[in-house]
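**Q** model this:
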Amino acid sequence: MSAKYWNRLAFERELWQQGLLYVAGVDEAGCGPLAGPVVAAAVVFPAQWLASGLHPKLRGLNDSKQLTPEQREKYFAVLTSNPEIRYGIALVEVEMIDQINILQAAHRAMSLALEQLQPSPQHVLVDGRPVKSLRFPSTPLIKGDARCYSIAAGSVLAKVTRDRIMVGYDRQYPAYGFAEHKGYSTPQHLALLAEFGPCPIHRRSFARFRPVEQELFDPGSKALPPPEA
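**A** Next up, the predicted model:
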């Protein structure tokens, strides 16, 4: 196994060597969009991979944003069909996002995904900054989805799941092009918002939808939400 594959398992390997058999990586997808849920996924790789390394079919696994849709679907199929891999996927819908804000909603989705894991994780590797609401010991890793395989796996499961949800919403609200932009603030999405106004899955708590924001449907506005997550 090449050094780069070992390096991306370094955080898991260190914890496995300490005797922690159930190490989860968790990540979210959908903090930035104007519409749709935020989705989180948690993944636990088998501690036996300490000796054998990453499963060959997962080599090349990376931050979901660095993969093509076809690659994400391929890894999603491997991750969800391997009986050695445990995973949980959870989402928080728009109504709750608007009630508690997107950051708290993302953290809630992470907690819900982790709670699905059996046995419960002994330690969690989290993409980004610390998540104090987690009830498990955790280590935050900036850009963890590109540095840590289990977090990358979580990012793929979350991204594919959310994209599939948005394709479903495209059939329900065909005027908005959700199958193409997945709710992100693309010029196409902003132009359709200007024409039709928001639909029930748009996040009304986002600045763009507040009455005081006069650039609400201005495709040229610079006040865009955070980049894709």
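**Q** and Trp51, helix, strand or coil?
**A** Careful, residue 51 is Ala and not Trp. Reducing the assignment to helix, strand or coil with DSSP: H, G, I helix; E, B strand; the rest coil, the entry for Ala51 is helix.
**Q** Now do Glu195 against His189, distance only.
**A** Shown here: Glu195 relative to His189, a distance of 11 Å by CB to CB, to the nearest Å. Quick note: C-beta positions are derived from backbone N, CA and C, even for glycine.
**Q** Assign a three-state SS to Leu117, would you?
**A** At Leu117, secondary structure determined by three-state DSSP is coil.
**Q** again, but for Met110
**A** Counting by three-state DSSP, the backbone at Met110 sits in helix.
**Q** Show me what the closest residue to it other than its chain neighbours bridges to in the sheet.
**A** Nearest non-adjacent residue to Met110, counting by CB to CB, 6 or more residues apart in numbering: Ala40, 4.4 Å away. Each beta-bridge partner of Ala40 is listed here: Glu28, Ala90, as defined by DSSP bridges.
**Q** Contacts only, for Val44.
**A** For Val44, the contacting residues are Tyr22, Val23, Ala24, Gly25, Ile85, Arg86, Tyr87, Leu117, Pro121, Ser150, taking CB atoms under 8 Å, 6 or more residues apart in numbering as the criterion.
**Q** Give the bridge partners for it, please.
**A** Ala24, Arg86.
**Q** per-residue confidence for it?
**A** In the predicted model, Val44 carries a pLDDT score of 98.
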